[in-house]
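[1] With the sequence up front, the predicted model follows.
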Amino acid sequence: MLERKPRAVAHAAVIARGAPEITRYRDEFLAARPEDYRELVAILRLGEAAGLDRLAAALATARRYHAYDLESVRAVLAMDAAAGPAPEGLAAAALARFPETVVEHVGSDAYAWLTEGEAR
């Protein structure tokens with residue numbers, strides 16, 4: 001339906017029943033690209049494969065970077081899928097296998113030669 005009447009995307013069911021992030025993205029997308037309804041339809045159709053929760057999270061990320069295009073949203077979805085669950089962090093036992101590195105204090109005069117050319 002939306003492919004034939006792309007302007008109907010402003011009131012589409014995916015927006016009415018979806019997360020508030022989807023509505024915010026739609027509003028900002030149309031403010032940035034007022035006549036590009038077809039691309040907005042294509043972005044919302046990504047939710048069919050990814051699911052509305054993943055799409056809402058991807059749109060939140062896209063909004064943060066002002067990325068109002070199909071390829072950017074696809075990239076965010078792809079990065080999210082490739083990343084998998086966030087790591088818990090390194091346990092102390094895992095860190096123990098790396099040798100401790102001692103870093104000696106280096107005075108600021110050690111780098112004076114970098115600014116000598118500016119003084120001339």
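    Nice, I can see it. Numbering: from 1, shown residues only.

[2] Quick check, central residue of this protein?
    residue 61 (3.7 Å; C-alpha atoms, centre = their mean).

[3] Please report how far it lies from residue 30.
    Separation of residue 61 from residue 30 (C-beta to C-beta, to the nearest Å) stands at 19 Å. Every C-beta, even on glycine, is put in place using the N, C-alpha and C of the backbone.

[4] which residues sit in contact with the residue nearest to the centre of the chain?
    76, 80 (C-beta atoms under 8 Å, 6 or more residues apart in numbering).

[5] now with 7 Å?
    residue 76 (C-beta atoms under 7 Å, 6 or more residues apart in numbering).

[6] Would you report the backbone torsion angles of it?
    With angles defined as degrees, to the nearest 10, residue 61 sits at phi -70, psi -40.

[7] so what pLDDT did it get?
    On pLDDT, residue 61 comes in at 93.

[8] now do residue 110
    On pLDDT, residue 110 comes in at 72.

[9] and it, how many neighbours?
    Counted with other C-beta atoms under 10 Å, residues neighbouring residue 110 total 9.
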